[in-house]
Structure formats: C-alpha cells, structure tokens
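S.K.: I would like the atomic coordinates for the input below:
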Amino acid sequence: MAAIEHGELQRVDGRTARALRTRQGIVDACITLIDEGDLSPTAPRVAERAGVSVRSVFQHFDDLDGLFTAVGDRVLERLVGLVLRVDPELDIERRLPLVVRQRATLLEALTPIRRAAFINAWHSVAVAHRLQAGQAFLRAEVAAVFAPELAAAGDDEAELLIIVDTLLSWANWDHLRTTERLSWEEAAHLVERMLRATLASYR
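M.R.: Residues are numbered from 1 along each chain as shown. A predicted model of the protein is given here:
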C-alpha cells in the first residue's frame, strides 16, 4: 500500500513539475517575443513560440491579462540585480556617474517590456498596476540615492525630486535613445550633464 502511495505521489509530482515547466516556457516565450519587438503578442504567437497549443496557454492562464501579469513578475525577478547600489554618502562627483550608468543599464534592459507595458496598460488593470508600482519603486531609489541633495534643497525638495526622477526615467532615456538616436554612451553622458546642472542649481 505504501509503495502504491509512493508511486502515485511520484506521478503527481512529475505532472506538477511538467505543468510548471510548461507555464514557465509560455512566459519565457512571451518575453522573447516582446524582446524581439512583438509588443502585444497574441495567444497563437505565444503558443507557437513555446511549442504548445493555444489551449495549453489558456489551461495555465485564465486570459492574456493573466499571462502579461506573470510576464511582469518574471521581468522584475530578472532585473532585480540591476537596482541602484550606490552609497548616498559618497561624494556627489563619485556618486553621480555610478547612478547614471547603473540606471541607464536598467532602462536599456527595460525598453522592450516597457514599450509593451505602455501598449497593454490601456486594457489591462494588472499591467497598469505593475507599471505604477515599478515607477514608484524607481522614484524611491532616486529619493534614497540623492537624499543629501534633496534634504539640502529645503522647501524645494519635492520639486527637485520630480526633476531628478524625470531625468532618470525611462521616458527620458527612450527619448534620447530613440528620438534623438544617441548611442548608449552619448545618452548616459547627457543625462549626467543634465543631472549635474540641475543639482547645482538647487544648492
């Protein structure tokens, strides 16, 4: 009896593991399509890339909103190592280049998924909420790493935070890289110059 129960448990565990791998494969396929420029992938395209049926996609996700939510969660996991890791106690001349380069690396990696999120946020509450949460997280990073300069701004602290957050935002980065067609190095250099001038004006 125990042997039968053990064998049944192994079969259940095996099915669970396969289901998990299939679910992960569907999410990975969706991310790959987005990275390749398919900013609003359909279920058939995701299924084809994942090597599964469309039915299988909807066995693992109630709808595309659920899939895009899982994609958002996976991207956050993938980018967790790209958060700002700069000591706010460092001298501003040493701190500023580190902040810009770390944030630029993050924004560059975020570009495909950020464009997809902008498109899908119009009809997906879950995507819109994750977009808002991501923006709030990035602003909190800015507030922490520039805490000394913000505190020194006195009554203008809130205003300075908005400006610095805007300069380090994905929208600004995308404008420089896409509209102005600057290289990564040129865009990072310009962001650093803008930040330096802004912080100097509030001293």
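
S.K.: could you use CA atoms for every contact and neighbour count after this?
M.R.: Fine.

S.K.: which residue ranges of the protein form helices?
M.R.: With DSSP state H as the criterion, the chain has helices at 2-35, 43-50, 54-60, 64-78, 92-120, 125-145, 147-152, 157-167, 170-174, 184-201.

S.K.: want to throw those helices into CSV with distance to Leu84, mean neighbour count and mean pLDDT?
M.R.: CSV is the format used below for these (distance: least, C-alpha to C-alpha, whole Å; neighbours: other C-alpha atoms under 10 Å; pLDDT from 0 to 100):
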stretch, distance to Leu84, mean neighbour count, mean pLDDT
helix 2-35, 23, 15, 74
helix 43-50, 32, 18, 92
helix 54-60, 34, 16, 91
helix 64-78, 14, 17, 80
helix 92-120, 6, 18, 88
helix 125-145, 7, 16, 83
helix 147-152, 14, 16, 95
helix 157-167, 13, 17, 97
helix 170-174, 14, 20, 94
helix 184-201, 15, 16, 97
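
S.K.: including distance to Arg85, could those go into a markdown table?
M.R.: Listed next are the helices of the chain as a markdown table, based on distance: least, C-alpha to C-alpha, whole Å:
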| stretch | distance to Arg85 |
| --- | --- |
| helix 2-35 | 26 |
| helix 43-50 | 35 |
| helix 54-60 | 36 |
| helix 64-78 | 16 |
| helix 92-120 | 8 |
| helix 125-145 | 9 |
| helix 147-152 | 14 |
| helix 157-167 | 16 |
| helix 170-174 | 18 |
| helix 184-201 | 17 |
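
S.K.: Pro88 touches Leu150, doesn't it?
M.R.: No. Taking C-alpha atoms under 8 Å as the definition, Pro88 is not a contact partner of Leu150, at 11.2 Å.

S.K.: tell me how the chain divides into domains.
M.R.: 2-76, 82-201 (automatic domain parsing).

S.K.: what about the longest one, start to end distance?
M.R.: With C-alpha to C-alpha, to the nearest Å as the measure, the ends of domain 82-201 fall 29 Å from one another.

S.K.: check the offset of it from the chain's centre.
M.R.: Distance of domain 82-201 from its chain centroid, counting by C-alpha atoms, centre = their mean, to the nearest Å, is 12 Å.

S.K.: check the first one too.
M.R.: What separates the centre of domain 2-76 from the centre of its chain is 20 Å, taken as C-alpha atoms, centre = their mean.

S.K.: quick one: Leu39 and Thr111 touch, right?
M.R.: No. If you go by C-alpha under 8 Å, Leu39 and Thr111 don't touch, sitting 10.7 Å apart.

S.K.: can you give me the distance of the residue nearest to Val57 when sequence neighbours are not counted to Arg55?
M.R.: Distances taken as C-alpha to C-alpha, 6 or more residues apart in numbering place Ala47 nearest to Val57, at 6.5 Å, with adjacent residues excluded. Distance, Ala47 to Arg55, using C-alpha to C-alpha: 9 Å.

S.K.: and if you look at Ala128?
M.R.: 26 Å.
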